[in-house]
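Novice: Predicted structure and sequence below. I'll ask about it afterward.
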Amino acid sequence: MKALFAATFDPVTNGHMDVLRRALRCFDSIVVGVYDDPEDSTLFSIADRVALIRQAAQDLPHVIVLPYRGITVEFAHAQGARILIRGLRALSDFENEFALSNMNHRLDAGIDTVFFFATPDHAFVSSTLVREIGMLGRSVEQFVPANVAAAMAAKYRSRVAGRG
């Protein structure tokens, strides 16, 4: 069975990668859908986010990474995925994800959502917090794959150099 793991992934974190690895034990293949919202200001471009995830997931079999726009359940349907994978870190995530799951079911009753709880090592990590830590000049190596940490360091160095 094919599943879709969709998010903005700006940036992809070790928590995302942990959910992906654990989900691979449950599904035959997983499409990682990298959401491209042209109205949203992101640290990395859609092309960069796709490339960073592809590199971070290169050792994982049966994973394909694709950008997408529009409604997630429509993208899932187009990819032949009948399951949406979502990660939950805290109770506040559950409330939002519960509403989203119900809306997705309303849009396409043939697609279900499966939740993976974050492990304690990753329960406090979010892409937003990682960006803030990186922006303040601190290392993010413990929170993101090595290739992402290097890309973030380079991105923030270039921003600082551009101000000087």
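Specialist: Structure's in. What do you need? Residues are numbered from 1 along each chain as shown.

Novice: Buried residues of stretch 45-53, list them for me.
Specialist: Using 16 or more other C-beta atoms under 10 Å as the test for burial, stretch 45-53 gives 46, 48-53. (Glycine included, C-beta is placed from N, CA and C.)

Novice: for this protein, what spans make up the helices?
Specialist: 14-24, 46-56, 72-79, 91-107, 127-135, 146-163 (DSSP state H).

Novice: Which one of those lies nearest to Asp40?
Specialist: helix 46-56 (10.2 Å; C-beta to C-beta).

Novice: which residues of this structure score low on pLDDT?
Specialist: 159-164 (pLDDT under 70).

Novice: let's see 80
Specialist: The chain contains residues with pLDDT under 80 at 158-164.

Novice: follow-up on the earlier one: output the helices of the chain as TSV; include the columns distance to Phe117.
Specialist: TSV is the format used below for the helices of the chain (distance: least, C-beta to C-beta, whole Å):
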stretch	distance to Phe117
helix 14-24	9
helix 46-56	21
helix 72-79	21
helix 91-107	9
helix 127-135	18
helix 146-163	23
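
Novice: Noted, bye for now.
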